[in-house]
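Participant: Sequence first, then the predicted structure, then my questions.
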Amino acid sequence: NLIMSRKGKLYLIPSLLGDTEPLEVLPMSIRKIIDGTDHFIVENEKSARAFIKRVHPGKSQPSLQLYVLNKYTDAVEFSRFLEPCRNGICVGIISEAGAPCIADPGAAIVAIAHCENIPVVPLTGPSSILLALMASGMNGQSFAFNGYLPIDTYERKKTIRKLEAAMRKGVTQIFMETPYRNNKLMEDMVAAAYDNTMLCIA
């Protein structure tokens, strides 16, 4: 049967960045995808269920099959998460905040899907990284995302100097930090950065 032999799609579903109403930042197509999908790969089951309920209040929660993907998930589990796709059933990856696979888990699952010719469909939605770049007024033609800077103060200051060297070549440098380390990061930035270095906090 030709229809049964088709592989299900892997949808990359952006989540919300805050308390904004879903339809203010997410297109209606995401609600339609969630409506037709029961299998989801998620970072946190509780928050994923809450997100699905906000986007689609009528969605049956008992019908959901959630596979948890976080830093504690054994990599041997990754392939198993795509079993529905191999059987013609669609699966969605839901980020904890923002876009899946961008400073969030999911890239390894997508790589497996590509190796198996499972169609990968990224959906439109917010990315805190790109929103910060858009709001910064800095170079959006050439930029690099560096993830988290080192925690060690000496290594962090050394890294800041390396990023500044790239900035002098016109490349905007983007990085992130957890809220409880923000103040320490700012202290290290003030101590290590040149006086004329531009900084956007977003």
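Facilitator: Great, that's in hand.
Participant: all contacts plus neighbour counts: C-alpha atoms, from now on.
Facilitator: OK.
Participant: Which residues in stretch 28-44 does the neighbour count mark as buried?
Facilitator: 30, 31, 33, 34, 37, 38, 39, 40, 41, 42, 43, 44 (16 or more other Cα atoms under 10 Å).
Participant: sorry, that was for stretch 60-76
Facilitator: 66, 67, 68, 69.
Participant: Hmm, residue 93 is touching residue 12, no?
Facilitator: Yes: here residue 93 reaches residue 12: they are 5.0 Å apart, a contact under Cα atoms under 8 Å.
Participant: who's more crowded, the two?
Facilitator: Between residue 93 and residue 12, residue 93 has the larger neighbour count (other Cα atoms under 10 Å), namely 29 against 25.
Participant: Let me see the ranges of the strands in the protein.
Facilitator: Using DSSP state E, the strands of the chain run over 10-13, 39-42, 65-68, 91-94, 120-122, 143-148, 172-176.
Participant: Which helix runs longest in the chain?
Facilitator: In the chain, taking DSSP state H as the definition, the longest helix is helix 153-167.
Participant: and that one, what does it pack onto?
Facilitator: strand 172-176, helix 182-192 (3 or more Cα pairs under 8 Å, 6 or more residues apart in numbering; DSSP states H and E).
Participant: let's see it at 7 Å
Facilitator: Under the contact definition 3 or more Cα pairs under 7 Å, 6 or more residues apart in numbering; DSSP states H and E, helix 153-167 sits against helix 182-192.
Participant: how much space is there between residue 92 and residue 176?
Facilitator: To residue 176, residue 92 is 25 Å away according to Cα to Cα, to the nearest Å.
Participant: higher neighbour count, the two?
Facilitator: Using other Cα under 10 Å as the criterion, residue 92 and residue 176 rank with residue 92 on top: 25 against 17.
Participant: wait, that one sits on residue 9?
Facilitator: No: between residue 92 and residue 9 there is no contact under Cα atoms under 7 Å: 8.2 Å.
Participant: circling back: now do the shared contacts for residue 93 and residue 12.
Facilitator: Common contact partners of residue 93 and residue 12 (Cα atoms under 7 Å, 6 or more residues apart in numbering): residue 100.
Participant: And the closest residue to residue 108 other than its chain neighbours, what's its pLDDT?
Facilitator: Nearest residue to residue 108, sequence neighbours excluded (Cα to Cα, 6 or more residues apart in numbering): residue 78, at 7.6 Å. We have a pLDDT of 96 for residue 78.
Participant: Quick check: residue 78 vs residue 121, distance?
Facilitator: 18 Å.
Participant: which one of those two has more residues nearby?
Facilitator: residue 78 (19 against 13).
Participant: now the more buried one: how far from residue 11?
Facilitator: Relative to residue 11, residue 78 is positioned 15 Å away (criterion: Cα to Cα).
Participant: What of residue 29?
Facilitator: 11 Å.
Participant: shared neighbours of these two, which are they?
Facilitator: In contact with both residue 29 and residue 11: no residue, using Cα under 7 Å, 6+ apart.
Participant: Extract the C-alpha set from stretch 98-109 and format it as CSV.
Facilitator: Extracted in CSV, the C-alpha atoms of stretch 98-109 (Å, rounded to 0.1, in the frame of the first residue of the first chain):
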residue,chain,number,x,y,z
GLY,A,98,11.4,29.3,21.2
ALA,A,99,12.6,27.3,18.3
PRO,A,100,13.5,23.6,18.5
CYS,A,101,17.1,22.7,17.7
ILE,A,102,18.3,26.3,18.2
ALA,A,103,20.1,26.3,21.5
ASP,A,104,17.6,23.6,22.5
PRO,A,105,17.6,19.8,22.1
GLY,A,106,16.4,18.2,18.9
ALA,A,107,19.2,18.5,16.4
ALA,A,108,20.3,14.8,16.9
ILE,A,109,16.7,13.7,16.3
